[in-house]
Structure formats: C-alpha cells, structure tokens
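Chemist: Sequence and predicted structure are below.
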Amino acid sequence: MLHRHAKAACVGAAAAAALVLTSVQGSASAEAAGTAPGAAARTAADTLAVSAAQPELLRAMQRDLGLTRAQAERRLVNEAEAGATAAVLRQRLGAAFAGAWVEGADSGTLTVATTRAADAAAIRAGGAEARVVTHTLAELDRTKAALDRAAARDSSTDVPVWYVDVRANAVVIRAVEKSAARTLIGASGAERDRIRVVPTEEQPRPLYDIRGGDAYYMGGGGRCSVGFAITRGTTQGFATAGHCGRAGTTTSGYNQVAQGTFQASTFPGRDTAWVATNSNWTSTPYVKGQSGQNIQVTGSVQQPVGASICRSGSTTGWHCGTISQHNTSVTYPEGTITGVTRTTVCAEPGDSGGSYISGSQAQGVTSGGSGDCRSGGTTYHQPINPLLQGYGLTLKTTTGPGEPGEPGEPGGTWAAGTVYQAGAQVTYGGATYRCLQGHQAQAGWEPPNVPALWQRL
C-alpha cells in the first residue's frame, strides 16, 4: 500500500493575524459575487484553505525565508488575497495589464503594472500599488514565444534560460555567451527593446538518479520523486517529470515494491508525465512533510510572482523560497523546456518530479535546476494545471474535486474536475461567470461560492 503519493511542500497554519493587504475579493458583496442572499462571500484565504496549513510548513518557511512565525502566517493569508486582487484588477485593466507581484517579508505589498497612467488611481483603489510601464504582459508573452520558436529550431546551452520578468517589464535572457543570445534574438525576429540580456553561470540539468524521501525507481535504472497523487476515472497514480521515464517504463515504489507504469511522457518541449499504479497503491491527498507528516493538498490555484513556495524531493526533503517568474524557458543538454516556473528553491539530483506547493495549493512538479541545497540554487517546475489538463487527470485533494465532466448544480457549463484558465467563462445557476485564477474545479468551489476564483458578469 502506498505510504504517500506526493512530494513535499510547505504548508502553513492559518493566519489569525490581521490582514495587511486589502482585497477586492474580500470586500466584494454577496450580491456582486452571486452568493445566496444573506450568505457571506468567502475570502480568498478561505477558498485556498490557508487554515489547512500545518506547522511543518511554517517551520520550513521560517528556516528558508528568514521569517518569524507570525510573518509566515500573515504571508500565506496575504498571498492568497493578493492573487485574488490581482486577478480582479487584471480583468479591469484588460489589454493594458502588465503583470503583478508581491513583496515584503509577509507579502504585504501587491504591485500591479499597467501601460496606461490613467489606471493608477483604480489600481490603488483596488488595494495595490501601481506601476506604469512600457510593455503589456501580452506583448512580453509574444516576444518570449518568438524566442521559444527560434530555440525549438536551434537551441544552445550557452543560452540556458529566458523568461517574462514582470518586475523588470522585459523578457530576460540569461546567457553564458552574449553572442549566443544575440544569435537567438536575431533568429527569433523578436522586438529587441523588450529584451534584456544578463550574464549567468547557470548550467541547469534534470534532477534525477539519487535516492531519498518518497522516491520511486524506474525499471531501466535511476530514481525520481513522486509528484502529486491523481486519479483518472477509476485509475490511481501520480504526476511527475517527463524526463524520468517514457510511456511503458515500469516503476517500483520507495519500498522497491512493484508500483506502476508510465502512461504518457513529454520531454523536451515540456517536462510532464503520469504513472498509473497497480491496485496495491492508493492515491492520497498529501505531500510528505519534513518528518514524514502528511501535508494536505486542497487545490491547484497558481500563486503570483513573489509568493512563497516550498518543495519536497526524495534527496533533499523540504526547502522553501519564492516564485521568481512564471512563463520561463530553460535549455537543458537534452533540449528546451517552455512554460515552466522559475523559483529560488534549491534542489538536487533525485528531487525531479517532486511537488511544489504554496500553502495547501499544488503548484507543479520539479523539472530541473542549478546549484544545490548547500550553497543555494535555482529550480524550475512544470505547472500542475497544464499537466492535469493535458492528460485528463484529476488532482487528489482533501476536499475531493470530483471527476472531469461531472455537471455543476443547479445546472450550467461549470463542471468539477475541469481545469479552468483565467478568462474562461462558464454558466452556473442561470448566471455567467469569468475565471479569475487558473485552477482545477472541485466540489465546494462552485462559482457563486468562491469570488476569489470567479467573477459574475
């Protein structure tokens, strides 16, 4: 029987301290949110189950982020509310939106960027600091996509990393050789005024082949770390990194007992895979804590740049840091991976495939990195929501998301188990809602109940 199917994380106790950030979502009226008359709208912290955070998370955050217990507690609440506030403001700003991020020891400052100076007052009224910049997020995303296409034709480890940096309002290329960066830019046809080239000594590589924690072993040799437990219909299994195995590769568990088989795998391009396990293994809604405790997974809402994030792997256990950039591309010796998230969390070989978690929200599975957990490093994870969507998987949570395609009640197109991206629209109970933050829907997260995730139109 499976002891636990997920990799570690940093979960923390719910914050009882006063909230620093003012959230548009937290102040939304029940009527505007679409809740039943007399019902109180749930705050973002309620929706993301910050109260489910456990002491092991707080201790890891204190150790790796240099926080006090009170700061760690406030940070989790503030990050939940900041994500909801940023999502609402993104809808209001439309095409002028240029990104958002949190700062401060307790993530008490949310900054939202826009290309229109006239938006600044509305941003401040919404509870955030305003930054007026030159390029929209959509423009930066298009520039990075052009670099991705050029790298797909001819990648070089002399240009190991590039990403959209919302704080710098630029696409940043980290290059070992500036000439290689110039070659990539020229081949892409991308707008040079949106790009910054900075020197780096990073040599990212996939992280596998060392034992530890909740390891699993590939039939052809080597070890990786279990990611998040999933189901697909009646099949149980787990999500992990694509470079750990190909479709048909067999696995054994941490105890060397026969476990399952890779059903699908993508690498390079993406770094995703899932393993279907046999009947001796049971998917559980947990990741492995510092001393083996079960840490709850309650959802998969992606957190903003600057937010705290923790990782567990079979080599180095629990470590925490912050989210540096989303929408990153990284070139390994095997090829370029796109769409990953860059973090300040350390990792080492054998941690590949393991889980990243913010509070109790699943974020992704470990892809690779540079450095180590003695001197520090940088890591990249494959976001969990695209992985779930791509393979038709359902994240195992303590609240139980239901299976994909399960219809919403009392009618409409919303369905538990479906992965929704920001901007998607559904109907529910005769009303139309727009998704504010990407997540996999689950029972209890019906649009009227969670204004942090859905906006009634």
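Modeler: Yep, that arrived.
Chemist: so how far is Ser225 from the nearest residue to Ala87 once chain neighbours are set aside?
Modeler: Nearest non-adjacent residue to Ala87, counting by CB to CB, 6 or more residues apart in numbering: Leu436, 3.6 Å away. C-betas here are computed from N, CA, C, even on glycine. Separation of Leu436 from Ser225 (CB to CB, to the nearest Å): 31 Å.
Chemist: immediately after the helix or strand of the chain at the bottom of the mean pLDDT ranking, which helix or strand?
Modeler: In the chain, the helix or strand scored least confidently by mean pLDDT, DSSP states H and E is helix 30-33, which has a mean of 37. Reading on from helix 30-33 to the C-terminus, the next helix or strand found by DSSP states H and E is helix 44-47.
Chemist: tell me the mean pLDDT for that following helix?
Modeler: Average pLDDT, helix 44-47: 94.
Chemist: could you say what helices and strands it packs with?
Modeler: Applying 3 or more CB pairs under 8 Å, 6 or more residues apart in numbering; DSSP states H and E, one finds that helix 44-47 contacts helix 69-93.
Chemist: chain center to the following helix or strand past the helix it packs on: distance?
Modeler: Tracing the chain past helix 69-93, the next element assigned as helix or strand by DSSP H and E is strand 97-103. Offset of strand 97-103 from its chain centre (CA atoms, centre = their mean, to the nearest Å): 16 Å.
Chemist: Looking at Leu436 and Ser225, which one has more neighbours?
Modeler: Ser225 (36 against 29; other CB atoms under 10 Å).
Chemist: from memory that one sits against Thr240, does it?
Modeler: Yes - with contact defined as CB atoms under 8 Å, Ser225 counts as touching Thr240 (7.3 Å).
Chemist: what sits in contact with each of these two?
Modeler: Tyr216, Ser352, Gly353 (CB atoms under 8 Å, 6 or more residues apart in numbering).
Chemist: Run through the residues that contact the last one.
Modeler: Think Gly353. 7, 208, 216, 224-227, 240-241, 244, 273, 365-366.
Chemist: got the residue ranges for the strands in the stretch 151-300 of the chain?
Modeler: Secondary structure of the stretch 151-300 of the chain by DSSP state E, counting those that start in this stretch: the strands cover 161-165, 170-175, 195-199, 205-206, 215-218, 223-225, 229-232, 235-240, 250-252, 258-266, 272-277, 286-288, 294-296.
Chemist: Test my guess that Gly237 contacts Phe262.
Modeler: No - with contacts counted by CB under 8 Å, Gly237 stays clear of Phe262, the gap being 9.5 Å.
Chemist: Mind checking which of those two has more residues around it?
Modeler: Gly237 (27 against 22).
Chemist: Who's the closest spatial neighbour of that one, skipping the chain neighbours?
Modeler: Ala276 (4.4 Å).
Chemist: For burial, what's the neighbour tally of the one you found?
Modeler: Ala276: 19 surrounding residues under other CB under 10 Å.
Chemist: re the thing from before, let's have the strands of the stretch 151-300 of the chain in CSV, adding distance to Trp454 and mean pLDDT.
Modeler: Rendered in CSV, the data for the strands of the stretch 151-300 of the chain read as follows (distance: least, CB to CB, whole Å; pLDDT from 0 to 100):
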stretch, distance to Trp454, mean pLDDT
strand 161-165, 25, 97
strand 170-175, 31, 97
strand 195-199, 36, 96
strand 205-206, 37, 70
strand 215-218, 36, 90
strand 223-225, 33, 93
strand 229-232, 24, 94
strand 235-240, 25, 94
strand 250-252, 38, 94
strand 258-266, 30, 95
strand 272-277, 27, 96
strand 286-288, 27, 88
strand 294-296, 23, 83
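Chemist: one step back: how about the residue nearest to Gly237: which residues does it bridge to?
Modeler: Beta-bridge pairing of Ala276 under DSSP bridges involves Gly237, Thr261.
Chemist: Kindly report the same for Cys435.
Modeler: Per DSSP bridges, the residues bridged to Cys435 are Trp454.
Chemist: how about it, what does it touch?
Modeler: Tyr420, Gln421, Ala422, Gly423, Ala424, Gln425, Val426, Leu453, Trp454.
Chemist: Are we agreed that the third one is in a strand?
Modeler: No - assessed with DSSP: H, G, I helix; E, B strand; the rest coil, Ala422 is coil; it does not lie in a strand.
Chemist: Quick check: which ranges of the stretch 351-457 of the chain have low pLDDT?
Modeler: Across the stretch 351-457 of the chain, the ranges flagged by pLDDT under 70 are 400-410.
Chemist: Next, the angle from the strand ranked longest in the chain to strand 161-165.
Modeler: Scanning the chain for the longest strand, with DSSP state E as the assignment, gives strand 317-332. Here strand 317-332 runs at an angle of 110 degrees relative to strand 161-165 (axes from the mean of the first three to the mean of the last three CA atoms, to 10 degrees).
Chemist: Counting neighbours, which of the contacts of Cys435 comes out on top?
Modeler: Of all the contacts of Cys435, the highest neighbour tally under other CB under 10 Å goes to Trp454, namely 31 neighbours.
Chemist: so Thr394 touches Phe228, yeah?
Modeler: No - using CB under 8 Å, Thr394 is not in contact with Phe228, being 10.5 Å away.
Chemist: tell me, how many neighbours does Arg246 end up with?
Modeler: Quick note: Arg246 (other CB under 10 Å) scores 15 neighbours.
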